[in-house]
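> Output the structure for:
(one chain, ligands or ions: 1)
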Amino acid sequence: MRGEGVWLYDADGTRYLDAYNNVASVGHCHPHVVEAIARQASVLNTHTRYLHEGVLDYAERLLGTMPSELAHAMFTCTGSEANDLAMRIARSHTKAEGLIVTRFAYHGVTAAIAEASPSLGKFVQLGDAVRTVPAPDSYRIAPEAMGTAFAAGVREAIADLKAHGIRPAALMVDTVFSSDGIFTDPTGFLAEAVDAIREAGGLFIADEVQPGLGRTGDAFWGFLRHGVLPDIVTMGKPLGAGHPLAGLAVRPDVLAAFGRECRYFNTFGGNPVSMAAGMAVLDVIEKEGLMDNAQRVGRYLRARLSRTGPAPCPHRRCARCRPVCRRGTGERSQHAGARHGRDRARRQPLARTAGAAQRDRRARQHPEDPSAAGVLRSQRGPAGRDAG
Ligand SMILES: Cc1ncc(COP(=O)(O)O)c(C=O)c1O
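Next up is the predicted model:
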């Protein structure tokens, strides 16, 4: 098996358009990234107690893509670690415990952050200090009511925390709400909820593991689309194009207490090879105009998805399903989706319509024909299968 650009090839050589992978946003095995990793690995790789210019150069370049208030960077190997660290920083700054996330959020796998990832299912208990709020569901809420509706949920969660004697430390959201079903628009709807958490003394943590690095097409970071300034931004997945690189950006004043009181060392987070990978990814995004590309491909995908309704879905296993809504799936973004439902009026989801990686029959019959390749895609939201 191998990957190249947007394509994946299986053991038989059949190729698939990889619309599923949310890591290789510069394409599989990009030669510039591969070369950068190999070059640095052949010169030096150390754990991060050794000083190396690579970490400074990369931190400066990464922070240069964000508002200047976010002036410190810390590196980890996974998005889970980054969110875990963000929570620790938020709690040490606010001296509070409460965490608010969306109802089908996914933020990672460490013990602490799994307790704030309700999409992991009922066998993973939410933490005592965690509250969930309804996602800003653009399918069910009118665009003009979205900001107020989402903020109302956050205010209710704050009140409930307080009623249980817990002060809120942070609101943490994936700024495209990918595991809740992908809710990107209207831009700006996050602002009221951010005000609400700040009024209650909490911080706003933007989880950019999914939307970051220009994948929305119209902004380098998802939070920028909403015109809000997070206290902490967490990042992961595409940062190293498959090489395990993640981290966070934070306001210096927010980090001060943690910096004083807690020792932070992460053996691999920020090592020279990871930094070379991260730098190369930024090169590719810039040089190849990948934000413009995300806009172009997003527009095309959306136009094609729109053409599928209102006729019955051609998928054989869901003959009764209709793509019922294409609103709020990202006008110009690499993130796009069609919603499948049985019933337009009741807006019920049609669960489990297809596997995440589905092999197209034609691809099996015509492996030599590139146009016959299957498409790998994912199912998200409460009725979907994929959280991460
Ligand atoms: C929004 C979000 N946050 C955090 C994570 C966790 O990242 P990782 O799998 O690198 O630990 C994921 C992974 O899917 C994610 O989608």
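> Start and end of stretch 118-138, how far apart?
Distance between the two ends of stretch 118-138: 20 Å, counting by Cα to Cα, to the nearest Å.
> now what about it, what contacts it?
Residues outside stretch 118-138 that contact it (Cβ atoms under 8 Å, 6 or more residues apart in numbering): 97-106, 112, 114-117, 146, 149-150, 153-154, 156-157, 160-161, 166, 169, 177, 179-181, 183-185, 189-190, 327-328, 387. C-beta coordinates here come from the backbone N, C-alpha and C atoms, glycine included.
> Quickly list the domain ranges of this structure.
Per automatic domain parsing, the domain ranges recorded for the chain read 1-20+356-388, 31-287, 289-346.
> any idea which of those is most buried?
Highest mean neighbour count of the domains of the chain: domain 31-287, a mean of 20 (counted as mean count of other Cβ atoms under 10 Å).
> what would the domains of the chain look like in a markdown table with mean pLDDT?
As requested, the domains of the chain are exported to a markdown table (pLDDT from 0 to 100):
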| stretch | mean pLDDT |
| --- | --- |
| domain 1-20+356-388 | 71 |
| domain 31-287 | 96 |
| domain 289-346 | 59 |
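> pretty sure Arg167 is touching Leu99, no?
No - counting by Cβ atoms under 8 Å, Arg167 stays clear of Leu99, with 11.0 Å between them.
> Can you pull the residues of this protein lying near the ligand?
Applying Cβ under 6 Å from any ligand atom, one finds that the chain approaches the ligand through 78-80, 83, 106-109, 174, 207, 209-210, 236, 246, 388.
> Just the ones in strands from those, please.
Members of these lying in strands (criterion: DSSP state E): 174, 207, 246.
> Could you export those as JSON lines, including distance to Tyr58?
What follows is those, written out as JSON lines (distance: Cβ to Cβ, whole Å):
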{"residue": "Asp174", "distance to Tyr58": "23"}
{"residue": "Asp207", "distance to Tyr58": "20"}
{"residue": "Ala246", "distance to Tyr58": "13"}
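> Of those, which is the nearest to Ala294?
The nearest member of these to Ala294, counting by Cβ to Cβ, is Asp174 at 17.2 Å.
> so who does the residue nearest to the closest one when sequence neighbours are not counted touch?
If the residues on either side of it in the chain are set aside, Asp174 comes closest to Asp207, at 4.5 Å by Cβ to Cβ, 6 or more residues apart in numbering. By Cβ under 8 Å, 6+ apart, the contact list for Asp207 reads 79, 83, 107, 172-175, 234.
> ditto for Ile89
232, 248, 250, 254-255, 258.
> Among these, name the ones in helices.
Applying DSSP state H to the contacts of Ile89, the entries found in helices are 254-255, 258.
> Out of those residues, which comes closest to Gly3?
Closest approach to Gly3 among the ones in helices among the contacts of Ile89 (Cβ to Cβ): Leu255, at 37.1 Å.
> How much space separates that closest one from Ala111?
To Ala111, Leu255 is 23 Å away according to Cβ to Cβ, to the nearest Å.
> what residues are up against the residue of the stretch 201-350 of the chain found nearest the ligand?
Among all residues of the stretch 201-350 of the chain, Val209 sits closest to the ligand, at 3.7 Å; criterion: Cβ to the nearest ligand atom. Neighbour list for Val209: 79, 82-83, 174, 234-237, 246 [criterion: Cβ under 8 Å, 6+ apart].
> Phe204 now?
170-171, 194, 197-198, 228, 230-232.
> Likewise for Glu35?
Shown in contact with Glu35 (Cβ under 8 Å, 6+ apart): Ala280.
> ok, now how distant is Ala157 from Met87?
Ala157 is 16 Å from Met87, by Cβ to Cβ.
> circling back to that earlier point, looking at the ones in strands among the residues of the chain next to the ligand, which one is closest to Arg15?
Taking these together and measuring to Arg15 by Cβ to Cβ, the closest member is Ala246, at 29.4 Å.
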